[in-house]
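# Build me a structure from this.
(one chain, ligands or ions: 1)
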Amino acid sequence: MNHRPTIFFDIGGVLLTNGWDTPARKRAAEEFKLDYNEFQTRHEMLKTAFETGRLGLDAYVRKAVFHRSRLFSPDEFKQFMFAQSQVLGETLAWLRELAATGKYRLFTLNNESRELHEYRVRAFRLGEIFDAFFTSCYLGQVKPDEEIYLNALGMTGGQRASAIFIDDRALNVEPAVALGLNAILYTGLDPLRERLKEFGVES
Ligand SMILES: [Mg+2]
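Numbers count the residues shown, from 1 in each chain. The predicted model follows:
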């Protein structure tokens, strides 16, 4: 049995900017002169299928944006989507150091569509940090579904007492706490490090 602490990180809002959130879609509407309300309604209807791997990026873009003719190409729109992903603060750099200690088993538990997630893994070399990615597009479930937390933990073979879930949204922390799991609401690197010390986790 492996007793190294098992830590699950959210990505968007913790390590990187969100992949495709409301502010990003507002920027897209402005940049590409879309009717934001129409785009937003279509996005909301497609979002779950997109994030659980049932709808690919090309189909998402076609249905959300190219249901009418446009003066730009699907590739231009997709490039804009990818470009929204940026490093957020110092947490990713700190996490590389934590990973280098070899003392912890590090995984993600993140909601993301497949192409955006895999772009982010490549662009920010996340494979150097995490042992596996528990991402909604692979699991067919999204946070805050209760079962996603238990499934991710189960797939690692980790123990509840030595597992910690980290997320920047209270709605995603609450189900983990309700299930009796250790969970930390991420509000910044310094408070995170303080909380992790309580679990004996430090770089
Ligand atoms: Mg997040």
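
# C-alpha from now on. contacts and neighbour counts both.
Noted.

# Listing request: residues of this protein with sub-threshold pLDDT.
1-2 (pLDDT under 70).

# List phi and psi for the most centrally placed residue in it.
What sits nearest the mean C-alpha location of the chain, by Cα atoms, centre = their mean, is residue 110, with 3.3 Å. As for residue 110, its main-chain torsions (degrees, to the nearest 10) stand at phi -140, psi 140.

# can you start the count at 39 instead of 1 from here on
With the count now opening at 39, the last piece we talked about shows up as residue 148.

# Next one: it from the ion, what distance?
7 Å (Cα to the ion, to the nearest Å).

# who touches that residue in this structure?
47-50, 171-174, 180-181 (Cα atoms under 8 Å, 6 or more residues apart in numbering).

# Mind listing the residues bridging to it?
residue 173 (DSSP bridges).

# if I look at it, how far off is residue 209?
13 Å (Cα to Cα, to the nearest Å).

# next one: residue 56
Plainly put, residue 56 is 16 Å away from residue 209 if you go by Cα to Cα.

# out of these two, which sits in the busier spot?
Between residue 56 and residue 209, residue 56 has the larger neighbour count (other Cα atoms under 10 Å), namely 20 against 12.

# Just confirm that one contacts residue 119, I think it does.
No. Using Cα atoms under 8 Å, residue 56 is not in contact with residue 119; the gap is 10.7 Å.

# Tell me the residues of the protein that contact the ion?
Proximity of the chain to the ion, by Cα under 5 Å from the ion, involves residues 50-51, 206.

# residue contacts, residue 135?
residue 241.

# in what helix or strand does it lie?
Here residue 135, judged by DSSP states H and E, is contained in helix 129-138.

# Tell me which residues of that helix come out buried.
129-130, 133, 136-137 (16 or more other Cα atoms under 10 Å).
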